[in-house]
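Asker: requesting a structural model of the entry that follows:
(2 chains)
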There are 2 protein chains.
Amino acid sequence: MPDLIILGTIGIDTLETPHGKAENVLGGSATYASFAASFFCKPGIVSIVGDDFPKEHEELLKSKGICLLGIDKKGKTFRWHGKYEDINEAKTLKTELNAILSFEGNVPNEYKDTKYLFLGNLDPDIQLKVLNQINNPKLVVMDTMNHWIENKKPKVLDMISKVNILLINDGEAKLLFETNNLVKAAKAALALGPSTVIIKKGEHGALMFTKDSHFNAPGYPVENVKDPTGCGDSFGGSFTAYLASTDDISEKNIRKALIYATSVASHNVEDFSLNNLKKITKQHIEERVNHLKQIRDF
Amino acid sequence: MPDLIILGTIGIDTLETPHGKAENVLGGSATYASFAASFFCKPGIVSIVGDDFPKEHEELLKSKGICLLGIDKKGKTFRWHGKYEDINEAKTLKTELNAILSFEGNVPNEYKDTKYLFLGNLDPDIQLKVLNQINNPKLVVMDTMNHWIENKKPKVLDMISKVNILLINDGEAKLLFETNNLVKAAKAALALGPSTVIIKKGEHGALMFTKDSHFNAPGYPVENVKDPTGCGDSFGGSFTAYLASTDDISEKNIRKALIYATSVASHNVEDFSLNNLKKITKQHIEERVNHLKQIRDF
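Answerer: Alright, predicted model coming up:
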């Protein structure tokens, strides 16, 4: 049984940033989230790939102890081509959903008693279907994105009411709750049901809100941002994995989990695709966690 | 002798934000900076107004213990009309420089031995002229803005080389150093000479860089941002005033000063013009400083 179930996409990306281009590289929300999670616990993926999905990518995920039992296989693998003219904002040049279109979100029996669940960025109907197959989760964290807010807003709002923690980026929070103020957006999200709302702000860090408290997680100062793809996914995956590995969902530990997630995401942006996460060890993550303590001290 | 000299504009503003409109209200960088500074020490302004400058505004500044000896008087008062369609970005609808055009930046003899100097947003030629009249300053902090970077870039860069601390907002830092990365911008600024560079990021807080260290000051979570005018000026004024009042320019104390400045600026945005700063006491500032400790604790 995995320690943490991760739902999301697995795909092949072509990425263009001011620092270069990477063609046909491993990507997808479940890929980044599970790879990041693997530094802390044993994640199991729920996703789909095509028959063309390269064996080497499967081997890479397996080598990190990631359980692939929940990955379905059909047709062609999902593909995304993105370009960053400004390093902080991706423009989608092309999306080929392919296998995602026939994804049913079936959860293997071996996963059903897992206590921690990260519903990564995907169709809210699939998020709900996966959630309903888990017997008695202790913590459910969800992410979403513009596409679903624009096309399935009522479903996204309904999903938020069913989870413990909403992870959302600042632009999406403003879009979803029709406000320019993140405190107001967080309050609107909390009113739907979750006990905790976390707004990701990229280089500006992340804000955590509960009914009674607020935590401000700093951004890590990265000088060479090569490719921000997967940053939010690796943030969400490592955040939930830290909580699963410590089996402690107190507010105090959620704050610590956000610092660990900040460290992991800061490593992720320093090279294309998973290249940098492939190189680093837990020690590199701990070093930046310690640095994050120093940069907050007054 | 004032504890702190503040150079900047004094003007009459008309402000439009999504929350309303305020016509012909007190504004200007020296006004906000000195008012914010007055919570911590006795500031003395160097600036110019017109013969039309309302007596009540003078009385208000005097009532806060601000020294007006360095305010020249000539012609008509500087006027600015700004509009915020997005609450985070001011559009200038109209600027009437008026008296500013004939401002000579003469520093009264009574100010010349003051040890702390805040060169607020103004023509770098005037900033230099004022700096040169101070006998032996212990700490010189400067601010600037887009207008001077676009029109007098070599002079702005020269000024930076002459000060101890550069305060600059994120957009201006990117513009001045031609980079999208704030770590790179800070390094380029440090290379010019100042020991400390502080990048203000509005609601996202502020970043401090020295050659060896980094501090991340959180933004204060404000739900009702009514008018951000003067936010950077009140931040700079209270920051420098905190250092002057403690007469301690260690890195540790600079971090504390940034937290105090964050608190003051967060109060400033909650109403038009100086309306909220007029209402609050030192106690309100201390309360948010304490809250800022809690929101970054992990």
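
Asker: does A:N121 belong to a helix, a strand or coil?
Answerer: coil (DSSP: H, G, I helix; E, B strand; the rest coil).

Asker: ugh, wrong one, I meant A:L61
Answerer: helix.

Asker: ok, it to A:F177 distance?
Answerer: 35 Å (CB to CB, to the nearest Å). C-beta: built from backbone N, CA, C; applies to glycine.

Asker: repeat that for A:D86.
Answerer: With CB to CB as the criterion, A:D86 and A:F177 are 24 Å apart.

Asker: just A:A244 next, same as before
Answerer: Counting by CB to CB - A:A244 and A:F177 are separated by 28 Å.

Asker: the two: which is more packed in?
Answerer: Taking other CB atoms under 10 Å in any protein chain shown, A:A244 and A:F177 do not tie; A:A244 has more neighbours (28 against 21).

Asker: surely the more buried one is in a helix?
Answerer: Yes. The assignment for A:A244 is a helix, going by three-state DSSP.

Asker: now it: how far from A:S250?
Answerer: Relative to A:S250, and taking CB to CB, A:A244 is found at 14 Å.

Asker: one more: A:D233?
Answerer: Relative to A:S250, and taking CB to CB, A:D233 is found at 25 Å.

Asker: can you check A:R79 too?
Answerer: For A:R79, the distance to A:S250 equals 41 Å [CB to CB].

Asker: neighbour count winner among these two?
Answerer: A:R79 (21 against 10).

Asker: hang on, that one in a strand?
Answerer: Yes. Checked against three-state DSSP, A:R79 lies within a strand.

Asker: and it, what does it touch?
Answerer: Taking CB atoms under 8 Å, 6 or more residues apart in numbering or on different chains, we find A:R79 in contact with A:11-14, A:94-96, A:98.

Asker: same thing with A:H284?
Answerer: By CB under 8 Å, 6+ apart, the contact list for A:H284 reads A:H267.

Asker: quick one on the thing from earlier: looking at the contacts of A:R79, which are in strands?
Answerer: A:11-14, A:94-96 (DSSP state E).

Asker: filter these down to the buried ones, PyMOL style.
Answerer: This is how PyMOL selects the buried members of the ones in strands among the contacts of A:R79, with burial counted by 16 or more other CB atoms under 10 Å in any protein chain shown:
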select buried, chain A and resi 11+12+13+14
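
Asker: what distance separates the start and the end of stretch A:172-187?
Answerer: For stretch A:172-187, the first-to-last residue distance is 15 Å (CA to CA, to the nearest Å).

Asker: tell me the buried residues in that stretch?
Answerer: Buried-residue list, stretch A:172-187, by 16+ other CB under 10 Å: A:172-177, A:179, A:181-187.

Asker: what is the nearest of the residues you listed to B:F272?
Answerer: For the buried residues of stretch A:172-187, the closest approach to B:F272 (CB to CB) belongs to A:N181, at 17.0 Å.

Asker: now the spatially most central residue of chain A. Nearest residue, chain neighbours left out?
Answerer: The residue lying closest to the centre of chain A (CA atoms, centre = their mean) is A:D233, at 2.4 Å. Counting by CB to CB, 6 or more residues apart in numbering or on different chains, A:Y32 is the residue found nearest to A:D233 once chain neighbours are left out, at 3.7 Å.

Asker: give me the number of residues near the one you found?
Answerer: So A:Y32, with other CB under 10 Å, has 32 neighbours.

Asker: from chain B, how far off is it?
Answerer: 22 Å (CB to the nearest CB, to the nearest Å).

Asker: before we move on, what about A:G219?
Answerer: In this view, A:G219 and chain B are 7 Å apart by CB to the nearest CB.

Asker: hey, where'd the helices end up in the stretch 51-200 of chain A?
Answerer: A:55-63, A:124-133, A:146-151, A:153-160, A:170-177, A:182-191 (DSSP state H, counting those that start in this stretch).

Asker: distance from stretch A:148-168 to the middle of the chain?
Answerer: What separates the centre of stretch A:148-168 from the centre of its chain is 15 Å, taken as CA atoms, centre = their mean, to the nearest Å.

Asker: likewise for stretch A:257-267?
Answerer: On the basis of CA atoms, centre = their mean, stretch A:257-267 sits 12 Å off its chain's mean C-alpha point.

Asker: and the contacts of it?
Answerer: A:36, A:39-40, A:198, A:205-206, A:208, A:215, A:217-220, A:222, A:231-232, A:234-236, A:238-240, A:242-243, A:246, A:276-277, A:280, A:284-286, A:288-289, A:292-293, B:298.

Asker: those in helices, which ones?
Answerer: Using DSSP state H, the subset of those located in helices is A:36, A:231-232, A:234-236, A:238-240, A:242-243, A:246, A:276-277, A:284-286, A:288-289, A:292-293.

Asker: out of the residues you listed, which end up buried?
Answerer: Buried among these by 16+ other CB under 10 Å: A:36, A:231-232, A:234-236, A:238-240, A:242-243, A:276-277, A:284-285, A:288-289, A:292.

Asker: so where's the longest helix in chain A?
Answerer: helix A:251-268.

Asker: mind listing what's buried in that one?
Answerer: A:254-268.

Asker: which residue does the stretch 51-200 of chain A bring closest to chain B?
Answerer: A:V183 (4.2 Å; CB to the nearest CB).

Asker: excluding chain neighbours, what is closest to that residue?
Answerer: B:E223 (4.2 Å).

Asker: please tell me how far the one you found sits from A:K94.
Answerer: Taken as CB to CB, the span from B:E223 to A:K94 is 40 Å.

Asker: give me phi/psi at A:K162?
Answerer: phi -100, psi 0 (degrees, to the nearest 10).

Asker: report the contact partners of it.
Answerer: A:128, A:131, A:140, A:193.

Asker: going by neighbour count, which of these comes out on top?
Answerer: Busiest of the contacts of A:K162 [other CB under 10 Å] is A:V140, holding 23 neighbours.

Asker: who's that residue bridged to?
Answerer: A:L117 (DSSP bridges).
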